[in-house]
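[1] output the structure for:
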Amino acid sequence: MALQDLCKSRDYTRPMTPFDFYIPVAECLKENPLQPSTVKNPPPFAMSHGTTTLAFTFRGGVLAAGDTRSSCNGLVASPDAEKVEPIHSHLVGTSSGTSADCALWKRILARELRLYQLRHGRRVSTGGAAKLLWHMLLPFKGTELCVATTLCGWDHGGPGVFYVCSDGTRLQGRLFSVGSGSPYAYGVLDQAVKWGMTAEEATQVAREAVYRAAHRDAYSGNCVDIYHVTSEGWTRREREDLKDEYYRENKTAE
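    Here you go, the predicted structure:
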């Protein structure tokens, strides 16, 4: 599918913007998906990047967490990146991939969800938001676009977690960890995550998983951000510097 097919009514006398490629929510929520793009345009060189993000459901809602290190090949581009951000009052999303791509598409998604709410007087479900983002990313499959996000929200069906990637993946689950540090995070999450946990226990599990991944993975580190989504909306835990935990742990071991 050519990109022109997505915006036949566009005014070609003005510069093109990413918003020219958005697809109306009503169209994206239909059962007939768009056909994936057959254009293959790999980058001219290997891109080295990584992160640690995670999300899981439990009895008290959804926990989403991530580190704050943004890397560019072997360099730390930013120590305080926002990898978990609110999309609306009952939905947050994690970011894995290219920072600029993730930031742009989450803002486009937030705009479309807000328009839907204004038109219909209700919020799109977590699954509907995931389907919308998947439809918007699908035409860019096989290009240099690199977006992998976990949408964490609460709707009429309770807590929900969906993983959406620009490679055409859309999955629903109860626990996801994405990024180069995810194998280390899964080592903590698979053992510790239980449905009957309290909010405090779930927060400590998410914090421990990010801490262990940041300690072992070179592309993850600095601080940890944690969001808790319930039927009342999302709340954010105060950002914590992980190096303090590292020094405390090593001092105790001496």
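
[2] check what contacts the longest helix seen in the chain and list those residues.
    When the chain is parsed with DSSP state H, its longest helix is helix 99-120. Applying Cβ atoms under 8 Å, 6 or more residues apart in numbering, the external contacts of helix 99-120 come out as 18-19, 22, 24-25, 70, 77-78, 81, 85, 87-88, 91, 93, 95-96, 123-124, 129, 132-133, 136-137, 145-149, 166. Where C-beta positions appear, they are placed from N, C-alpha and C, glycine not excepted.

[3] just the residues you listed: which are in strands?
    The members of those that map onto strands under DSSP state E are Ser70, Ala77, Ser78, Glu85, Ile87, His88, Leu91, Gly93, Ser96, Val147, Ala148, Thr149.

[4] against Gly127, how distant is the second one?
    What it means is Ala77. Distance from Ala77 to Gly127, counting by Cβ to Cβ, to the nearest Å: 33 Å.

[5] next: Asp167.
    Distance from Asp167 to Gly127, by Cβ to Cβ: 19 Å.

[6] and for Trp154?
    Trp154 is 12 Å from Gly127, by Cβ to Cβ.

[7] higher neighbour count, those two?
    Set Trp154 next to Gly127 and count neighbours by other Cβ atoms under 10 Å: Trp154 wins out with 23 against 17.

[8] find me the pLDDT at Glu245, would you?
    Note on Glu245: pLDDT of 76.

[9] the host helix or strand of Gln191 packs against which elements?
    Here Gln191 sits within helix 182-192, counting by DSSP states H and E. Judged by 3 or more Cβ pairs under 8 Å, 6 or more residues apart in numbering; DSSP states H and E, helix 182-192 is in contact with strand 53-58, strand 175-178, helix 199-216.

[10] please repeat the previous calculation with a cut-off of 6 Å.
    Here helix 182-192 touches strand 175-178, helix 199-216, going by 3 or more Cβ pairs under 6 Å, 6 or more residues apart in numbering; DSSP states H and E.

[11] Arg239: which of these is closest?
    helix 199-216 (11.2 Å; Cβ to Cβ).

[12] mind checking what secondary structure Gly221 has?
    coil (DSSP: H, G, I helix; E, B strand; the rest coil).

[13] and it, how close does it get to Asn250?
    To Asn250, Gly221 is 16 Å away according to Cβ to Cβ.

[14] which one's more surrounded, these two?
    Set side by side, Gly221 and Asn250 show more neighbours around Gly221, with 25 against 9, by other Cβ under 10 Å.

[15] quick one: the more buried one from Thr52, how far?
    As for Gly221, its distance to Thr52 is 9 Å (criterion: Cβ to Cβ).

[16] relative to Leu91, how far out is Leu138?
    20 Å.
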